[in-house]
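>>> please find the sequence and the predicted model below.
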Amino acid sequence: MKSTKFFILLVATVGLMTLSTTASAFSTAACKACHQVDKDALGPAFKGIAEKYGDVKTLAGVFKSGFKVENRKVAQSSAKWKAQAPTMTGQYDNLIKKGGNEDAAAEALFSVTKAGKF
Ligand code: HEC
């Protein structure tokens with residue numbers, strides 16, 4: 001049991017290291033914890049997000065400008081998501097802004113949506 005936990009931790013650590021060292025190969029694996037493609041989960045469906053932003057450039061632009069709650073198209077469209085904006089802010093700071101992944105994250109969201117799966 002102990003070694004299984006250690007192994008899981010090891011895999012997770014290596015996974016995180018891979019994420020942070022290969023900026024060009026941005027992974028949406030972490031996003032999956034809260035987002036699905038077609039359905040709202042803890043976070044809104046990627047499909048709905050892609051529809052609201054329309055294209056990669058617009059979403060990347062909002063990421064680059066600091067992803068302020070007042071500039072977020074989904075949070076501004078519903079009280080429910082607006083109330084949850086701080087949850088996404090934490091993800092944005094750690095996974096998108098910190099690694100300089102604004103363009104890659106926007107591209108990944110649209111390509112996952114197009115593919116219909118993560
Ligand atoms: C811990 C849960 C969680 C994780 C992990 C997460 N998100 Fe979110 N996300 C949310 C919630 C909750 C919202 C709704 C609040 C909001 O819109 O700010 C959201 C909203 C969004 C929005 C729409 C913002 C808006 O209001 O217009 C985008 C874009 C987004 N997430 C992208 C991502 C990407 C890309 C990842 C992975 C790098 C990710 N999220 C990981 C919880 C999460």
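All right, it came through fine.

>>> Val74 against Lys52, yeah?
Yes: under the criterion of C-beta atoms under 8 Å, Val74 makes contact with Lys52 at 5.6 Å. Any C-beta I mention is one placed from the backbone N, CA and C, and that applies to glycine too.

>>> the more surrounded of the two?
Neighbour tally, Val74 and Lys52, criterion other C-beta atoms under 10 Å: the higher count belongs to Val74, 20 against 15.

>>> against the ligand, how distant is the more buried one?
3 Å (C-beta to the nearest ligand atom, to the nearest Å).

>>> and the pLDDT at that residue?
According to the prediction, Val74 has pLDDT 98.

>>> in stretch 68-84, what counts as buried?
Using 16 or more other C-beta atoms under 10 Å as the test for burial, stretch 68-84 gives 72-75, 81, 84.

>>> how far away is Thr87 from the ligand?
Taking C-beta to the nearest ligand atom as the measure, Thr87 falls 4 Å from the ligand.

>>> same thing with Ala115?
15 Å.

>>> swap in Glu51?
To the ligand, Glu51 is 11 Å away according to C-beta to the nearest ligand atom.

>>> please apply the same query to Leu95.
4 Å.

>>> residue contacts, that residue?
Leu95 sits next to 30-31, 101, 105 when contact means C-beta atoms under 8 Å, 6 or more residues apart in numbering.

>>> any weak-confidence spans in the chain?
1-4, 6-24 (pLDDT under 70).

>>> report the central residue of it.
Cys31 (4.3 Å; C-alpha atoms, centre = their mean).

>>> where's it relative to Glu70, distance?
From Cys31 across to Glu70, the span is 22 Å (C-beta to C-beta, to the nearest Å).

>>> check Gly43 too.
Counting by C-beta to C-beta, the gap from Gly43 to Glu70 is 19 Å.

>>> which positions in this protein make contact with the ligand?
When proximity is defined by C-beta under 6 Å from any ligand atom, the chain lies next to the ligand at 28, 30-31, 33-35, 42-44, 49, 72-75, 81, 84-85, 87-88, 91, 95-96, 105, 109.

>>> what's the following helix or strand after whichever helix or strand Lys5 is part of?
Following DSSP states H and E, one finds Lys5 within helix 2-21. Using DSSP H and E, the helix or strand that follows helix 2-21 in sequence is helix 46-53.

>>> thank you kindly, that will do.
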